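>>> How does the following fold in three dimensions:
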Amino acid sequence: MSVENYSLYAIPASLILAYVPHVIKHAILLKATGKWNNVSPRTTIDSIKGRVPAATHDMAHRANAAHMNGLENFPTFAIAIILGNITALPVETLNTCAGIFLAARFLYNFVYIANTNRVTALVRSSLWIVGVGSCFTLMFKAAALGLKAATIRI
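Here you go, the predicted structure:
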C-alpha cells in the first residue's frame, strides 16, 4: 500500500502558520485600542506603549516576533521539502518531517505569544529547535541521497 506524499502541501501550510501570529497581533491591538493605524501599521505597537496595559503591549510585541520568526524560518523549511522531493526521499520521511515542523510551529506560535517567564521561553526555544531540526534532517538526508545518485531529478 502506497503512502500519499503530502509534504509539498506543508509549504503553504507553514506560510499560513507564519501569518497566524500576525492576525493575532491585529486582534490584540484592535481589542486594546478599538482602531488600527493603516497609514503607518508598523509603528502601531510602539505608538500604543503607555496607552494600553504593559501586558497587552508585550503580548502584541511577542505576536509580532512570532510572525517574523515564522517568515524567517519559511525559506529553510521550503528548501528542505523541495530538496527532499527532488532527491526522492521516502514519502514517510517527507511526511513525518513536514508534520513535525508544522506541529512545532503551531505550538511555537502560541507558546511564544503567551510566554511571560523563563520556563515557557525554554519550551518556545525547544519547539524552535525541533522545527529547525526537522528541516536539517531532510536536508542532510537529501544531501546523502543526492551524493549516491548519478543524477538528481528536476
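
>>> Work out for me the element the nearest residue to G70 once chain neighbours are set aside sits within.
Excluding the flanking residues, the one nearest G70 by C-beta to C-beta, 6 or more residues apart in numbering is A18, at 2.9 Å. To be clear about C-beta, it is placed using only N, CA and C from the backbone, and glycine gets the same treatment. Using DSSP states H and E, A18 sits within helix 10-33.

>>> Averaged pLDDT, that helix. What do you get?
In this model, helix 10-33 has a mean pLDDT of 95.

>>> which parts of that helix are buried?
10-11, 13-14, 17-18, 20-22, 24-26, 28-29, 32-33 (16 or more other C-beta atoms under 10 Å).

>>> CA atoms only: put it into CSV for me.
In CSV, the C-alpha atoms belonging to helix 10-33 read as follows (Å, rounded to 0.1, in the frame of the first residue of the first chain):
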residue,chain,number,x,y,z
ALA,A,10,3.2,21.6,4.1
ILE,A,11,4.9,24.5,2.3
PRO,A,12,1.8,26.7,2.0
ALA,A,13,0.6,25.4,5.4
SER,A,14,3.8,26.7,7.0
LEU,A,15,3.3,30.1,5.4
ILE,A,16,-0.2,30.2,6.8
LEU,A,17,1.2,29.3,10.2
ALA,A,18,3.6,32.2,9.9
TYR,A,19,0.8,34.6,9.4
VAL,A,20,-1.4,33.4,12.3
PRO,A,21,0.5,35.5,14.9
HIS,A,22,0.1,38.5,12.6
VAL,A,23,-3.7,38.1,12.7
ILE,A,24,-3.5,37.6,16.5
LYS,A,25,-1.4,40.7,16.9
HIS,A,26,-4.1,42.7,15.0
ALA,A,27,-6.8,41.2,17.2
ILE,A,28,-4.8,42.2,20.4
LEU,A,29,-4.3,45.7,19.2
LEU,A,30,-7.9,46.2,17.9
LYS,A,31,-9.3,44.9,21.2
ALA,A,32,-7.0,47.2,23.2
THR,A,33,-7.4,50.4,21.2
